[in-house]
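*Asks:* what follows is a predicted structure for the sequence shown.
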Amino acid sequence: MLNMLKRWITYLAVLTGAIAFYGIYDGYNSYFLLISVLLFPFFTLAISLFGMLRMRICLQPLPTEIKRGEVINAELNINPRCIFPLSLIKITYTARNITFSRNQSKVTTYIYGCTETNVPLPLDTSHVGCIFLDISRVKVYDYIGLFSLSVKTPEKRHITIMPNTERPVPMPSFPIDKINSKGLKPKPGGGFAEDYDLREYRIGDPINAVHWKLTSKLKKLVIREPLISEKGKLLICFNLFGKAEDLDSVFGQITYISFYLLRRMIEFNLCWYGIDGHLNVIEIKEADDYLRFLSLVFMNPIEPEGRAIDEEAYKDSDWHYFVSSNLQNKGDDTND
């Protein structure tokens, strides 16, 4: 806006000089100069307008997920769709990590003498989180910069910056046998099971579950109740607050542990306190569950301070492991 104002001031100064020259020297030359200065902006607008009206911009396809530290630029394609190059294009955009950055400042870049081209927009991938890319305004100017048109901008994009896997030091020794089976429990809905328990009949029990031989012997209805293995509850706990550098390490360790457990077909839960102080628990059964967890966490700002994990968070677990930001993780066994 300021540059356009300067151009208009410059043009008006030139126009004032042409008028003064015409007033002092009344003749063909001064008249031709005045008419030329008056019509010049409209002449340049006329030859610029075709490209200004036809210009189209679009963002080239971007991956939805990239690794932390990976070098990547968003590519903004500019196509004038005419034989004449465009004089000047002003692009205003925001590309920030909404998980950690609270800075709403916008970046402005200028493209001169533009034919069809791709403009690189750098993305900061130094920390995990979600990058929000918003091309908020694109303006194209005529050849002398007195007139401008706004161009329709592309849709906003979100890119998830994935953690780099980081092995915890020391690596916890997970009690896999205890987690996979801590005992037997009645099978929901009944049916067949290799293991079963015997008990007296209760109203509502299916007739086909009656153990007829034992019923005949004991002179009372005895039920064969199917049993299945009951898995222990494993919690992976962490604090969702602090510096970006610390949380890069935390999420790197959580990623390593998560896929370590999933490869061994072990289900687990991730738990943390949200910014409202309430405990969040997400069950992880497969890799897609973990990816959804990252998307959920990264789409919201992480504060510098918050509620730390305490005994209340893991009181109902059979085994828990706390992932700390300084790589000094501690795990505890608890038996019910």
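*Replies:* Yep, it's here.

*Asks:* the stretch 201-336 of the chain: helices as residue ranges?
*Replies:* 212-218, 244-263, 287-298, 311-314 (DSSP state H, counting those that start in this stretch).

*Asks:* can you put those in TSV and add mean neighbour count, distance to residue 69 and mean pLDDT?
*Replies:* C-beta: built from backbone N, CA, C; applies to glycine. Compiled in TSV, those are given as follows (neighbours: other C-beta atoms under 10 Å; distance: least, C-beta to C-beta, whole Å; pLDDT from 0 to 100):
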stretch	mean neighbour count	distance to residue 69	mean pLDDT
helix 212-218	12	66	72
helix 244-263	19	9	93
helix 287-298	16	16	93
helix 311-314	15	31	85
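
*Asks:* JSON lines please, covering these and showing distance to residue 202.
*Replies:* JSON lines is the format used below for those (distance: least, C-beta to C-beta, whole Å):
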{"stretch": "helix 212-218", "distance to residue 202": "14"}
{"stretch": "helix 244-263", "distance to residue 202": "38"}
{"stretch": "helix 287-298", "distance to residue 202": "37"}
{"stretch": "helix 311-314", "distance to residue 202": "35"}
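
*Asks:* ok, which of the ones you listed comes nearest residue 55?
*Replies:* Of all these, it is helix 287-298 that lies closest to residue 55, at 34.5 Å by C-beta to C-beta.

*Asks:* which strands and helices sit next to that closest one?
*Replies:* strand 129-141, strand 157-162, helix 244-263, strand 279-284 (3 or more C-beta pairs under 8 Å, 6 or more residues apart in numbering; DSSP states H and E).

*Asks:* can I get the ones you listed in a markdown table with distance to residue 37?
*Replies:* Formatted as a markdown table, the helices and strands packed on helix 287-298 follow (distance: least, C-beta to C-beta, whole Å):
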| stretch | distance to residue 37 |
| --- | --- |
| strand 129-141 | 19 |
| strand 157-162 | 45 |
| helix 244-263 | 56 |
| strand 279-284 | 68 |
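
*Asks:* of all the ones you listed, which one comes closest to residue 66?
*Replies:* The nearest among the helices and strands packed on helix 287-298, by C-beta to C-beta, is strand 157-162 at 6.3 Å.

*Asks:* remind me what that closest one packs against, helices and strands.
*Replies:* Using 3+ C-beta pairs under 8 Å, 6+ apart: strand 157-162 touches strand 65-67, strand 129-141, helix 287-298.

*Asks:* tell me which of the ones you listed sits nearest to residue 39.
*Replies:* Judged by C-beta to C-beta, the one of the helices and strands packed on strand 157-162 that comes nearest to residue 39 is strand 129-141, at 18.6 Å.

*Asks:* put the alpha carbons of the very next helix or strand once past the closest one into CSV.
*Replies:* Next along the chain after strand 129-141, taking DSSP states H and E as the criterion, comes strand 148-151. Taking C-alpha atoms only, strand 148-151 is exported to CSV below (Å, rounded to 0.1, in the frame of the first residue of the first chain):
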residue,chain,number,x,y,z
SER,A,148,-3.7,-3.4,-8.6
LEU,A,149,-6.1,-6.4,-8.6
SER,A,150,-6.5,-9.0,-5.9
VAL,A,151,-6.3,-12.6,-7.1
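
*Asks:* check which residues of strand 148-151 are buried.
*Replies:* Burial within strand 148-151, assessed by neighbour count using 16 or more other C-beta atoms under 10 Å, is assigned to 148, 151.

*Asks:* now for it, which elements pack on it?
*Replies:* strand 129-141.

*Asks:* would you map out the domains in the protein?
*Replies:* Structurally, the chain divides into domains by automatic domain parsing as follows: 1-162, 176-180+232-333, 183-230.

*Asks:* out of these, which gets nearest to residue 168?
*Replies:* Of all the domains of the chain, domain 176-180+232-333 sits nearest to residue 168, with 4.8 Å by C-beta to C-beta.

*Asks:* rewinding a little: and residue 171, which of the helices of the stretch 201-336 of the chain is closest to it?
*Replies:* Short answer: helix 244-263, nearest of these by C-beta to C-beta, at 8.6 Å.

*Asks:* would you say residue 9 is within a helix?
*Replies:* Yes: checked against DSSP: H, G, I helix; E, B strand; the rest coil, residue 9 lies within a helix.

*Asks:* residue 255 contacts residue 166, doesn't it?
*Replies:* Yes: using C-beta atoms under 8 Å, residue 255 makes contact with residue 166 at a distance of 7.5 Å.

*Asks:* which residues of the stretch 51-200 of the chain fall in helices?
*Replies:* Going by DSSP H, counting those that start in this stretch, the stretch 51-200 of the chain shows helices at 176-180.

*Asks:* so where is it shaky, pLDDT-wise?
*Replies:* Low-confidence segments of the stretch 51-200 of the chain, defined by pLDDT under 70: 102-104, 176-198.

*Asks:* mind listing the strands for it?
*Replies:* For the stretch 51-200 of the chain, the strands defined by DSSP state E, counting those that start in this stretch occupy 56-59, 65-67, 73-79, 86-97, 107-114, 117-122, 129-141, 148-151, 157-162, 183-186, 195-200.

*Asks:* can you put those in JSON lines and add distance to residue 7?
*Replies:* JSON lines is the format used below for the strands of the stretch 51-200 of the chain (distance: least, C-beta to C-beta, whole Å):
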{"stretch": "strand 56-59", "distance to residue 7": "23"}
{"stretch": "strand 65-67", "distance to residue 7": "41"}
{"stretch": "strand 73-79", "distance to residue 7": "22"}
{"stretch": "strand 86-97", "distance to residue 7": "10"}
{"stretch": "strand 107-114", "distance to residue 7": "14"}
{"stretch": "strand 117-122", "distance to residue 7": "23"}
{"stretch": "strand 129-141", "distance to residue 7": "9"}
{"stretch": "strand 148-151", "distance to residue 7": "10"}
{"stretch": "strand 157-162", "distance to residue 7": "33"}
{"stretch": "strand 183-186", "distance to residue 7": "79"}
{"stretch": "strand 195-200", "distance to residue 7": "86"}
